[in-house]
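1. Pasting the sequence and the predicted coordinates here, then a few questions.
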Amino acid sequence: MSTSATLVWFRRDLRLTNHPALDAACKRGGPVIPVFIRDAQVDGLGTAPQWRLGLGLEHFAERLAEKNSRLILRSGKALDVLRDLIEETGAGAVYWSRLYDTDAIDRDAKVKSALKDDGIEAESFPGHLMFEPWTVETKQGDYYKVYTPFWNAVKSRDVDTPLSAPKDIKAPGQWPSSDDLDDWTLGAGMKRGAEIVRPYVQLGEEAAQSRLAAFTGHSIADYKEMRNCPAVDGTSGLSENLSLGEISPHQCWHAGMRAREDGKAGAETWLKELVWREFAYHLLYHTPHIVEENWRKEWKSFPWREDRRLKEVTAWEQGRTGIRFVDAAMRELYVTGRMHNRTRMIVASYLCKHLMMHWRIGLEWFEDCLIDWDPASNALGWQWVAGSGPDAAPYFRVFNPDTQREKFDPDSDYLRRWIAEGQSQPTETALSYFEAVPESWNLSPKDEYPAPVVALDAGREKALEAYENRDF
């Protein structure tokens, strides 16, 4: 047991339950000082993720206050900030939860090495993933490049039982100073869209756990079928909370396993989705170029177009391609900050294949617009759809938005929810799109719905021709 304080450096882990770093800090014995640092990685976040982070930090600070604790906010380079706090508080240890992208790994390694050289205990902990990427290997000692073998390798592994929230977080005799969260203006870029998106946010640890309980108690039974129907509330919605660590995957896994043991048919399918997230981080860790370059490097020569100024790209971004299922999905994004997983695949396929635009354009747009943005899942999703990712037969998969709509939205409920043009009495959600988007777009629900920027048949033929004639 130590009497010196422990700094707990929070990042994408804004929760009290099942938090190994926080648990260890409380057990260490001295005061615990929670810290969040606004560094270059925070400043590099897209508009919607940064806004959602600000909401998450505000809520998490309130949760800590209920425990007679505080969240200390500081800006600057992580090592400099931590050293300043160590000097101010006499802290003898710094704990944090691991992240797995290259920038975070490099930053954290430098922080750990420097603090240890200073004589400070510096330790990182698991928690963001169920399976640390270096612990899942093929029989040949390599990393997995295909999802199904990865699933088979981990599906029977023990997943750590979630830890309870600390009963007590010992406060220091004197708290260090903190920045004011309002001064950070993390939501400034959202402008008028913030008011529209805010009602769709389910904020914080309690909301996440309520979501999990409601889903595994009811909807998970039909998840295998209903997860593909965007007009139906058939998914957990937990991607928003997982992205900031307001709930841990361990908590989700154990709840899903209990549902499976109770005979709920869709539980295993949902567990596979949790492992798909793990697989995305597995690839991010072992092949970090996935976030910027083609995962299959031979795809560098593929003739995607990369000019973001093209009218087709603008139409896609604005939800005005003339393809209703695509446009409905893009409008859902602006109003809610999220997009149904089925329609994510459709809009991605349309951009990369019918429009023949580079997947990076879509990846970066999602990075700016999604409140559930996740670096690994976003990268894997786009590369999987584009064909440059881990997939055996990419060019055969060109989603037809019209046939997808007929299959998964046969009564056009989703279209009516999000597209106002042509409706005599548009839904409130459809009208909200025009309140959420930038005024500079000069859009009105009274506008005529646009003609297709690319006919589906012609776009598909062009895509297949390019894929079949690729020179690798």
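-> Now that the structure is in, tell me what you want to look at.
2. which residues touch the nearest residue to residue 386 once chain neighbours are set aside?
-> Spatial nearest neighbour of residue 386, chain neighbours left out: residue 359 (3.9 Å); criterion: CB to CB, 6 or more residues apart in numbering. Heads up, the C-betas are built off the backbone N, CA and C, glycines and all. If a contact means CB atoms under 8 Å, 6 or more residues apart in numbering, then residue 359 has 304, 348, 351, 352, 382, 383, 385, 386, 388 as its contacts.
3. Which of these sits closest to residue 434?
-> residue 351 (22.5 Å; CB to CB).
4. Look up how far residue 464 lies from that closest one.
-> 16 Å (CB to CB, to the nearest Å).
5. Please check which residues sit opposite the closest residue to residue 121 other than its chain neighbours as beta-bridge partners.
-> Excluding the flanking residues, the one nearest residue 121 by CB to CB, 6+ apart is residue 93, at 3.8 Å. In this entry, residue 93 is beta-bridged to residue 6, residue 121, by DSSP bridges.
6. any idea how far residue 93 is from residue 6?
-> Noted for residue 93: a distance of 4 Å to residue 6, by CB to CB.
7. do the same with residue 118
-> Applying CB to CB, the value for residue 118 to residue 6 is 15 Å.
8. Same question for residue 150.
-> If you measure residue 150 against residue 6 using CB to CB, the figure is 35 Å.
9. Of the two, give the one with the bigger neighbour count.
-> Remark: of residue 150 and residue 6, residue 6 carries more neighbours, 27 against 22, as counted by other CB atoms under 10 Å.
10. ok, that one touching residue 31?
-> Yes. Using CB atoms under 8 Å, residue 6 is in contact with residue 31, at 7.4 Å.
11. Could you list the alpha-carbon positions for the one helix or strand residue 250 maps to in CSV?
-> With elements delineated by DSSP states H and E, residue 250 resides in helix 249-261, which encompasses its position. Extracted C-alpha coordinates of helix 249-261, given in CSV (Å, rounded to 0.1, in the frame of the first residue of the first chain):
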residue,chain,number,x,y,z
PRO,A,249,-16.8,-5.1,-24.3
HIS,A,250,-16.5,-7.5,-21.4
GLN,A,251,-19.8,-6.3,-20.0
CYS,A,252,-21.4,-6.8,-23.3
TRP,A,253,-19.9,-10.2,-23.9
HIS,A,254,-21.1,-11.6,-20.5
ALA,A,255,-24.6,-10.2,-21.0
GLY,A,256,-24.7,-11.8,-24.5
MET,A,257,-23.5,-15.1,-23.2
ARG,A,258,-26.3,-15.1,-20.6
ALA,A,259,-28.8,-14.4,-23.3
ARG,A,260,-27.4,-17.3,-25.4
GLU,A,261,-27.6,-19.6,-22.4
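12. what's the helix or strand encompassing residue 23 packed up against?
-> Using DSSP H and E, the secondary-structure element containing residue 23 is helix 20-28. If contacts are counted by 3 or more CB pairs under 8 Å, 6 or more residues apart in numbering; DSSP states H and E, helix 20-28 sits against strand 6-10, strand 32-38, strand 93-97, strand 121-125.
13. could you redo the last one with a cut-off of 7 Å?
-> Under the contact definition 3 or more CB pairs under 7 Å, 6 or more residues apart in numbering; DSSP states H and E, helix 20-28 sits against strand 6-10, strand 93-97, strand 121-125.
14. how long is stretch 141-152 from one end to the other?
-> 16 Å (CA to CA, to the nearest Å).
15. Now do the buried residues in it.
-> Of the residues in stretch 141-152, 144, 145, 147, 150, 151 count as buried by neighbour count, 16 or more other CB atoms under 10 Å.
16. ok, of the residues you listed, which one's closest to residue 367?
-> Taking CB to CB as the measure, residue 147 is the one of these closest to residue 367, at 22.5 Å.
17. Alright, calling it a day.
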